[in-house]
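Novice: Based on what follows, work out the 3D shape:
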Amino acid sequence: MLAKSFLLFGILIGGLATTIMAQDTSRRKTINITSTFKPVLRDAVKINFNAAPPTIDTARPKLNYSIPNQYLFLNYQPSALNPVALQVDSLLAWQNDNYIKVGIGNVHQPYLKAGFSFGDGKTTFFNAFADGYAAKGSMPYQKNDLAAVSLAGTVRTKNNLEWNGKLGFKNEGYYLYGFQPDTLKYDKSVLRQRFQTFDGKIGLRNMKPTEFGLTYNPSLQVDVFSDNHTPKASEANTVLILPLQKDFGKQFAFGLGFTANLTNYRLNESSTMNNNYYLVSPALTYRNNNLNLHLEATPSWDNKNFHLLPNFTADLTTDDQRFTFQAGWIGYYEKGSYQRFESINPWLAQPTLLLTTRVQEFYGGFKGSLSNHISYSAKVGFAEYWNMPLFVNDSIDGKTFVIRYDHLQDFKIHGEITYTQSEQFNVTAGLTINQYLNIKNGQKAWGLIPMEFTTTLRWQLLKDLWLKGDLLAFDGAAYLDKDGSSHTGDRGFDLNAGVEFRITRQLNLWFQMNNIFNNKYERWHQYPVYGFNVLGGVIFSFAQK
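Specialist: Numbering: from 1, shown residues only. As a prediction, the model looks like this:
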C-alpha cells in the first residue's frame, strides 16, 4: 500500500517537471485577473450644528429720533411797498423750467412774464427771464410801465469751482401825476420820468474747502443807471467783495474780507460826485449744536471818514432746536445812490447830494417752533441812523420829492408767526412797529412808516387748484406840506386775492383781484395808488411730462 503511494507521487512529480520544461519562454509574462468588484467610497458623515435658540425679548425697544425742524429762519427784511400799486403776482413762484405768463386787466394792459432754463442741470445752469407791463389808472397821467430782461448762469468745473454771472436790463417809466393843484397844465413830456439800468455780475466760489480749510467767494457787480431829464443824470455803481474763511476743526473759523462800494454820479458834464466806502472785515466764529457766536470789529472808511463798526451776534439754541435766543450789536452801511433812492421813491427829483447812511443797532429776540407746523420769531431793537434820507415834497407843486438827510434813532419791534402744512398750505403774519426818536434837524421822520402789518396766504386746495391772499395795512407816514406845516398821512389797507387752476397738462388759468376794498391810500403824499383792479390770463409751460 505504501509502495503504491510512493509510485503515484513519483508519477505526478515527473509530469510536472515535463510540463515546466515544455513552456515557451519567448512569450511575455502576464497576469490576468478577472473580478466583478467595484470600489465605492464611503459616504461622508454630515456634521449637524444645533444652535441654541435666542432668548425671547418681550421688551419694546425705545427709539429716539432727532429730526431738525424744517423751517428756515431769516433776518427780517421789510416788505417793499410799490408806490403805484402792489406788485402783480398770480400765485406762488412758478416752478416749471420754461413758461410764458400773459394777462390783461382794467389797469394792467397788458402783463407779461416769462422764464426759460437751459443746461444739463449738473455742471451748467442757465436761466433767462423777462418781465413787462403797462398800467394806467383813472387819474390824468396816472400810469407807469416796466420792461426788464435778465440772463443768469452757473458753471461748475471739475476742480470743484463754481462760476456764476448775471446780465440784465431794466427800463422803468413813471409820470409825475401828483402835482397840486390838479388844475395845473403840464406837457406830457415834462411829467414823464424814465430810468434805465444795465447791470452785470460775476462771482467765483469753491464748492469744497481747500486742503488747508479755506473757502472763498469773490464777486464783482457793476450797475449803470441813468434818467431821461435835461440835463441827464447818470451813475455807475461798482461793488467788489473779497471774502475768505479758514476753518479750524468743526467749531472755530476765522474770516477776513474786503469790500469796496464805489459810486460815480454825474449830474451834467461839469458836475461829478463820488460816494465811496471801504470795509475790512476780520471775524472769529464759534459754533456748536447750541451756540453760534460771531465776533467782528470792522474798520471802515466812508468818503475818507473812519468808523469802526461792531458786528457781534450770538444765537443760543436748545437741544431740541425748537427755541433760539438771539442778541447782537451790529453796524452797517446803506448805500446812498441815485439808483437806490429811485427804487424807494420813483418820484424823486435828481439828487444834488449823495450820502451813505451809517447804522448801529442793538437787538434781542427769539425764534422757534411750537409744533411741526407753527414757527414764530420776535425781535426788539434800538437803532441809530446817521445821514438817514427823508423824502419831502418840493415847495412848488409837490410833484417831486427832494432828499433831506437827518440823524435819528428808532426803537423798533418786529414779530412774525407762520403756519405751514407741507407744501399745500402756508400762512404768515408779520407786524413791525417803528418809534422814531431824537430827530436832529426835522420835526418828523418824513416818509417813514411807523407801523406795518402784513399777511400772506398760499393754499393748494386741490391737486390742480391754488388760492392766494395778501393783506397790507399800515399807519400813514408824516409829510411836510408846501406851507411848512407837518401832517400825518391816512392809514392804508390793501387786500388782494387770487386763484389759479390747471386746465390741461401745459396750460393754467389765473385770476387776481387787487385792492378789493378800493382804498386809494397814499404811500407817498399826493400820489394815490390804483383802486380796485382785476387781472387775469393764462400760463403756458413747456416740456411737461
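
Novice: T432 is in contact with L472, isn't it?
Specialist: No. Using CB atoms under 8 Å, T432 is not in contact with L472, being 11.7 Å away. Backbone N, C-alpha and C define where each C-beta goes, glycine included.

Novice: Mind listing the shared neighbours of these two?
Specialist: Taking CB atoms under 8 Å, 6 or more residues apart in numbering as the criterion, T432 and L472 both touch E452, F453.

Novice: G132: what's it in contact with?
Specialist: With CB under 8 Å, 6+ apart, G132 has these contacts: Y111, L112, K113, D145, L146, A147, A148.

Novice: For K399, grab phi and psi.
Specialist: With angles defined as degrees, to the nearest 10, K399 sits at phi -80, psi -20.

Novice: I'd guessed it sits against P181; true?
Specialist: No. Look at K399 against P181 with CB under 8 Å: they stay out of range, at 11.2 Å.

Novice: Settle it for me: which of the two has more neighbours?
Specialist: K399 (23 against 7; other CB atoms under 10 Å).

Novice: mind listing what that one touches?
Specialist: L176, Y177, G178, F179, Q180, L191, W347, N393, Q526.

Novice: helix, strand or coil for the fifth one?
Specialist: The local conformation at Q180, judged by DSSP: H, G, I helix; E, B strand; the rest coil, is coil.

Novice: Check the gap between it and N144 for me.
Specialist: From Q180 over to N144 the distance is 19 Å, taken as CB to CB, to the nearest Å.

Novice: out of those two, which sits in the more crowded spot?
Specialist: N144 (22 against 15).

Novice: Local confidence estimate at the spatially closest residue to that one that is not a sequence neighbour?
Specialist: Distances taken as CB to CB, 6 or more residues apart in numbering put Y174 closest to N144, at 4.7 Å, once the chain neighbours are dropped. We have a pLDDT of 96 for Y174.

Novice: For the helix or strand containing Y174, which strands pair with it and how are they oriented?
Specialist: Using DSSP states H and E, the element containing Y174 is strand 161-175. Strand 161-175 has its sheet partners listed here by DSSP bridges as strand 143-156 (antiparallel), strand 192-206 (antiparallel).

Novice: Mean pLDDT for those - can I get that in JSON lines?
Specialist: Putting these into JSON lines (pLDDT from 0 to 100) gives the following:
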{"stretch": "strand 143-156", "mean pLDDT": "96"}
{"stretch": "strand 192-206", "mean pLDDT": "97"}
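
Novice: Of these, give the one that comes closest to Y332.
Specialist: strand 192-206 (20.4 Å; CB to CB).

Novice: With only the CA atoms kept, save that closest one in CSV.
Specialist: Coordinates of each C-alpha in strand 192-206 appear next as CSV, following Å, rounded to 0.1, in the frame of the first residue of the first chain:
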residue,chain,number,x,y,z
ARG,A,192,-42.6,161.7,-17.9
GLN,A,193,-39.8,160.2,-15.8
ARG,A,194,-37.8,157.3,-17.2
PHE,A,195,-35.0,155.3,-15.6
GLN,A,196,-32.7,152.7,-17.3
THR,A,197,-30.4,150.2,-15.6
PHE,A,198,-27.7,148.0,-17.1
ASP,A,199,-26.3,145.5,-14.6
GLY,A,200,-23.7,142.7,-14.6
LYS,A,201,-22.2,140.5,-12.0
ILE,A,202,-19.6,137.8,-11.9
GLY,A,203,-18.6,135.6,-9.0
LEU,A,204,-16.5,132.5,-8.1
ARG,A,205,-16.6,130.2,-5.2
ASN,A,206,-15.0,126.8,-4.2
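
Novice: Can you give the contact residues for the very next helix or strand once past that strand?
Specialist: Sequence-wise, the next helix or strand downstream of strand 192-206 (DSSP H and E) is strand 214-216. Strand 214-216 has contacts (CB under 8 Å, 6+ apart) with L204, R205, N206, P209, L242, P243, L244, Q245, K246, D247.

Novice: How about the fifth one, nearest residue that isn't a chain neighbour?
Specialist: The shortest distance from L242 to any residue that is not its chain neighbour, by CB to CB, 6+ apart, is 4.5 Å, and that residue is F258.

Novice: In this structure that neighbour contacts Y277, no?
Specialist: No. The criterion here is CB under 8 Å, and F258 misses it with Y277 at 12.0 Å.

Novice: So the two - more neighbours on which side?
Specialist: Y277 (21 against 14).

Novice: The more buried one bridge partners, please.
Specialist: N261, D302.

Novice: now R340, what's its secondary structure?
Specialist: Using three-state DSSP, the structure places R340 in helix.

Novice: Helices of the stretch 51-200 of the chain, start to end?
Specialist: 188-191 (DSSP state H, counting those that start in this stretch).

Novice: where are the low-confidence patches of it?
Specialist: 51-96 (pLDDT under 70).

Novice: again, 50 this time
Specialist: Applying pLDDT under 50 to the stretch 51-200 of the chain picks out residues 51, 56-57, 62-63, 65-96.

Novice: who touches the strand holding Y174?
Specialist: With CB under 8 Å, 6+ apart as the test, strand 161-175 has contacts from 84, 141-157, 188, 191-207, 346-347.
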